[in-house]
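**Q** Using only what follows, build the 3D model:
(chains A and B)
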Amino acid sequence: MFGNDAELNMGGLKMKVSITVNGKTHDGDVEPRTLLVHYIREAVGLTGTNVGCDTSSCGACTIHMNGEAVKSCTILAVQADGASVTTIEGLAKDGVMHPMQTAFMENHGLQCGYCTPGMVMAAIGLLNENPKPTEEEVRLGLEGNLCRCTGYHNIVKSVLAAASAK
Amino acid sequence: MTITENKPSKIIGTRLLRREDPPLLTGEAKFTNDLNIPGALHLSVLRSPFAHAKIKSIDVSAALKIAGVIAVYTGKDLQSAWAAPMPCAWPVTTDMKNPPHYPLASDKVNYVGDGVAAVLATNETASRDALDAIDVEYEPLKAVVDLEDALSDKNVIHKDLGTNKSYTWPLLVEETPGCVEEAFKKAKYKVKERYVQQRLIPMAMEPRAIAAVPQPFGGDITLYSSTQIPHILKVMTALTLGIPEQQVRVVAPSVGGGFGSKLDVYAEELLCMALARKHNTPVRWVEERTENTQATIQGRGQIQHVELAADEKGKITAVRVRIIGDMGAYLQLVTPGVPILGAFLYAGVYDIPKAYDFSCTSVFTNLTPTDAYRGAGRPEATYAIEMAIEALAREMKIDSFELRKRNYIKKEQFPYTAFSGLTYDSGDHLLAAEKAAKMTDLAGVRAQQKKQNVPGATKLLGVGMSSYFEMCGLAPSRVLASLNYSAGGWEAATVRVLPTNKVQVITGTSPHGQGHETSWAMIASEKLGVAPEDVDVLHSDTAISALGLDTYGSRSLPVGGVAIALACDKVIEKAKLIAAHQLECAVEDLQFVNSTFSVKGSPDRALPLAAIAFGAFTAHNLPDGCEPNLEAQVSYDPPNFSWPFGTHMCVVEVDTETGAVKILKYIAVDDCGNQINPLIVEGQVHGGVVQGIAQALFEEAVYDSDGNLKSSNLAEYLVPAASDVPSITTGHTVTPSPTNQLGVKGIGEAGTIGAAPTVMTAIIDALSGLGVTSMAMPASPQTVWKTIQEATRGGKK
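**A** Model (predicted):
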């Protein structure tokens, strides 16, 4: 994607960013081509946000930026300068999981768990926009997040359960 | 002996929530690429852009100048690193052709994605940048892409073999010589069908990732890999690299799905290990999705010719099958065995005489190697027989469900010795099918269909079904020996009661989404009478679980789970000896109820398991000759395959103007015997069904005539999203397996096996009024629309 940017890597051109991740501000220098997902995983050291593709298709890297669910592979770290980011690690409070996480557990909405962090973040984003979705709205709302294990049946059930518990 | 008979289950059969979930849901779980390994060098692999080409020269000088690049290796540079070629563990025939296959190609590349050079750099960015700086001069050769073209040997890929044919594997079973031919001559009805099983990309959501960590002075090496098979990988990498086996430790951390694609020994695993040893430093690699589609194995890839002969009632009298199997460029771990796993199932769930003529010829192509993908041979076989049954019903002008009923193996025939000599242990196909029909409201749907599918209608209703048998839980080792498989089919388990009455279960299975920790804890809990949360389940690290044959082929529960139950039995036997000694009674006077040993008839003379466990630990008062500690190890070789079965039905609406197929209802009735945890069973069915629907409607590894993969990423390869698939209605019947004490059968692959033919028969049913009798997979809107056009134009002539 940034095939000709090798010289940027070589020249050591870096830019300063300040990004708040799960309530804690991280100041650092990044290469301009660094994706937000790589910044979160490598610079901040939070590996719950996963990478499943290189075409922004799978949604495994979905996080919240300024309260909105976004795929963190579609954003450069420099674009997130000054932003507030929540990752999957930031959901549980005081050792208690977020209701969406609990809904996924109670409804067997995950198997291997690789798509799960992104799926949970996307599902929370979906309910923020549409607190009482129909099954069809849940399915459409999650179409940017791929899962290979569950066939989506229990993911949809989880999201509907979380919505009705609200 | 049998749990279900002797006492009511307390834990087994409950919908216990998965203990795996909290770490996965909170980002705490570590997948291989999440591991922090200081000082690790990053490996990147330069891959061939040509399907078939000679390597004329490789210039790595520019790559070496890139900051951070430590070394670049070509195939020639590493030739001395390998003690043996990459392994194929299933030489299905003694004369099978198997071209030498090394982690990097040296003289010639044989598929797009074949490794050509390896870069080591201090960071991933530099190692990937360096790939662009390597200059390879290729001399392109004609690519062999089509299976029938491959078979013609016009262009031979591996010159030293002299042919593209790897093997021909026949299975001819005749009551009397020539009876198959005779049956076809005498048959009142015959069908002759050709089906294409398109290539599929398994597409586990976690791309493969590897880290090899050497301890140069300790002499050992640890391989972290996103693998389904840590135990097999340990032996195979040791042999391929020429390292003593005891010096290799393999760990599979959290693994993000496999579906067969991580049931392999891959070039990158060997490269990481070899280079980690060479540089005395950890080496890691992570796959990009585009590499995953090209350099991780693909599945399916068969052309099937199927013929059925039937008498005037539609009773099948003979089956003839000819398969061409697509091996791809090389044989991976079990590549040649995949069509053979299906070879016994082309009679499906039907009672046929000894008149079965199967033969599979497998060929090399200039495409990514194939290997086991969810179902491996059995979805292909089930698809063929179920589609052929539909064709036979059309030929006879009778309802296909009625035809199935005339041919089902009947409940009273079990255990049923099949034409092949295999024993199907249990089943009730009619019961499952009738349940599916009831849940579908088959009569109601048929009535609606009559109303809706009138001339000129553009939204046509169709009902499809398939009944399947899955031969899984691979398998009795002796049977595997007869199929030339290089390993056994047993599984190992250790059960240990700790001094505080907590339990450790160590299993040789290696889960990657199946919830083994939860289910195995339930088995031990049930047997020992302890709470499931008091049972820890350890797995997927060869330093902890030394023995095992890992997870694939729906084997984990019917082999690995049963091994745990047997190990618990052994623990109870030992505890009973200690209890008898301490209670001063005869062993046979003791009973074990509610986790307590008590003297029959004198309930106050009792000792709980907790006391025995502590007593075994202190060893202060044990019977003579009794070893301290309460633990037992079992290696369990099952006496038979496991035979889950079921019937799936679905209702589709096909839009004849757009070719779009909408699944209105999907019913899956599966029988996997007793269910340990129905929550997990249903999850396996949901996921399996959607992978089968995906084969029917969406997915195909599309290659052009030069062997370029045109669907090499998730934007082009259509893994269905939530909005593409329906909810699945699951039902089940319970026919316990008589071959193991838990009465269980596998369930991992059933959904995938049942689904593709269910959807395809529904589409054809919807369009039957238009004269459509066949449909290629995937039935994309374009394919459906074109097929309708061809059928209706043909009809009007």
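
**Q** List the buried residues of stretch B:757-777.
**A** For stretch B:757-777, a neighbour-count test (16 or more other Cβ atoms under 10 Å in any protein chain shown) marks B:757-768, B:770, B:772, B:775, B:777 as buried. Glycine gets a C-beta too; all of them are placed from N, C-alpha and C.

**Q** Out of these, which are close to chain A?
**A** Among those, no residue lies close to chain A (Cβ under 8 Å from any Cβ of the partner chain).

**Q** Now, those that are in helices?
**A** B:P757, B:T758, B:V759, B:M760, B:T761, B:A762, B:I763, B:I764, B:D765, B:A766, B:L767 (DSSP state H).

**Q** Contacts only, for the first one.
**A** Looking back up the chat, that one is B:P757. For B:P757, the contact set (Cβ atoms under 8 Å, 6 or more residues apart in numbering or on different chains) comprises B:T382, B:Y383, B:E386, B:M387, B:G464, B:S466.

**Q** Say whether chain A is contacted by whichever strand or helix holds the fourth one.
**A** Think B:M387. Using DSSP states H and E, the element containing B:M387 is helix B:378-396. No - interface with chain A: helix B:378-396 contributes nothing (Cβ under 8 Å from any Cβ), its closest point being 15.4 Å away.

**Q** Quick one: distance of the helix or strand that that helix is followed by to the chain centre.
**A** Downstream of helix B:378-396, the next assigned helix or strand under DSSP H and E is helix B:400-407. Helix B:400-407 has its C-alpha centroid displaced from the chain centroid by 29 Å (Cα atoms, centre = their mean, to the nearest Å).

**Q** Please apply the same query to stretch B:81-88.
**A** Counting by Cα atoms, centre = their mean, stretch B:81-88 comes out at 24 Å from the chain centroid.

**Q** B:D670 against B:G751, yeah?
**A** Yes - here B:D670 reaches B:G751: they are 7.4 Å apart, a contact under Cβ atoms under 8 Å.

**Q** Could you tell me which residues touch both of those two?
**A** B:V685.

**Q** all helices for the stretch 501-650 of chain B, in order.
**A** Assigned by DSSP state H, counting those that start in this stretch, the stretch 501-650 of chain B shows helices spanning B:516-528, B:562-583, B:609-618.

**Q** what angle do the second one and helix B:609-618 make?
**A** What separates the directions of helix B:562-583 and helix B:609-618 is an angle of 80 degrees, with axes from the mean of the first three to the mean of the last three Cα atoms, to 10 degrees.

**Q** For chain A, what's its nearest residue on chain B.
**A** B:G27 (1.8 Å; Cβ to the nearest Cβ).

**Q** Just give the number of residues close to that residue.
**A** Using other Cβ atoms under 10 Å in any protein chain shown, B:G27 has 23 neighbouring residues.

**Q** Next, A:N128: phi, psi?
**A** phi -60, psi -40 (degrees, to the nearest 10).

**Q** isn't it right next to A:M100, touching?
**A** No - contact criterion Cβ under 8 Å: A:N128 and A:M100 do not qualify, at 10.6 Å.

**Q** More neighbours: the two, which one.
**A** Counted by other Cβ under 10 Å, A:N128 and A:M100 do not tie: A:M100 has more neighbours, with 25 against 12.

**Q** List the contacts of whichever residue of chain A sits closest to chain B.
**A** Chain B sits closest to A:G48 of chain A, with a gap of 1.8 Å, by Cβ to the nearest Cβ. Neighbour list for A:G48: A:T87, A:I88, A:E89, A:P117, B:T26, B:G27, B:E28, B:A29 [criterion: Cβ under 8 Å, 6+ apart].

**Q** Cross the residues you listed against helices and list the overlap.
**A** Short answer: these in helices (DSSP H) are A:P117, B:T26.

**Q** Out of the contacts of A:G48, which comes closest to B:A475?
**A** Lowest distance from B:A475 to these (Cβ to Cβ) belongs to B:A29, with 31.7 Å.

**Q** correct me, but the closest one touches A:G113?
**A** Yes - using Cβ under 8 Å, B:A29 is in contact with A:G113, at 6.0 Å.

**Q** Give the residues shared as contacts by these two.
**A** Contacts common to B:A29 and A:G113, judged by Cβ under 8 Å, 6+ apart, are B:S254.

**Q** The ones in helices among the buried residues of stretch B:757-777 into CSV, with extra columns for pLDDT?
**A** Shown next, in CSV, are those (pLDDT from 0 to 100):
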residue, pLDDT
B:P757, 98
B:T758, 98
B:V759, 98
B:M760, 98
B:T761, 98
B:A762, 98
B:I763, 98
B:I764, 98
B:D765, 98
B:A766, 98
B:L767, 98
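
**Q** Closest one to A:E136 out of those, please.
**A** Out of these, the member with the shortest distance to A:E136 (by Cβ to Cβ) is B:V759, at 20.2 Å.

**Q** how close does that closest one sit to B:V463?
**A** Going from B:V759 to B:V463 by Cβ to Cβ, to the nearest Å gives 11 Å.

**Q** if I look at those two, which residues touch both of them?
**A** In contact with both B:V759 and B:V463: B:C650, using Cβ under 8 Å, 6+ apart.

**Q** Who are the contact partners of B:F358?
**A** B:P170, B:L171, B:L172, B:V319, B:R320, B:V321, B:I323, B:A343, B:Y346.

**Q** quick one: which of those residues is nearest to B:A238?
**A** Minimum distance to B:A238 across the contacts of B:F358 is 31.6 Å, recorded for B:A343 (Cβ to Cβ).

**Q** Report pLDDT for that closest one.
**A** pLDDT, B:A343: 97.

**Q** my guess is it meets B:D357, correct?
**A** No - under the criterion of Cβ under 8 Å, B:A343 is not in contact with B:D357, lying 11.2 Å apart.

**Q** how far does the helix or strand in which B:V191 is found sit from the chain's center?
**A** Assigned by DSSP H and E, B:V191 belongs to strand B:189-200. Centroid separation for strand B:189-200 versus its chain: 22 Å, with Cα atoms, centre = their mean.

**Q** That one relative to helix B:378-396, how many degrees between them?
**A** Using the same axes, to 10 degrees: strand B:189-200 against helix B:378-396 is 150 degrees.

**Q** Beyond strand B:189-200, next helix or strand please.
**A** The helix or strand immediately downstream of strand B:189-200 is strand B:209-215, counting by DSSP H and E.
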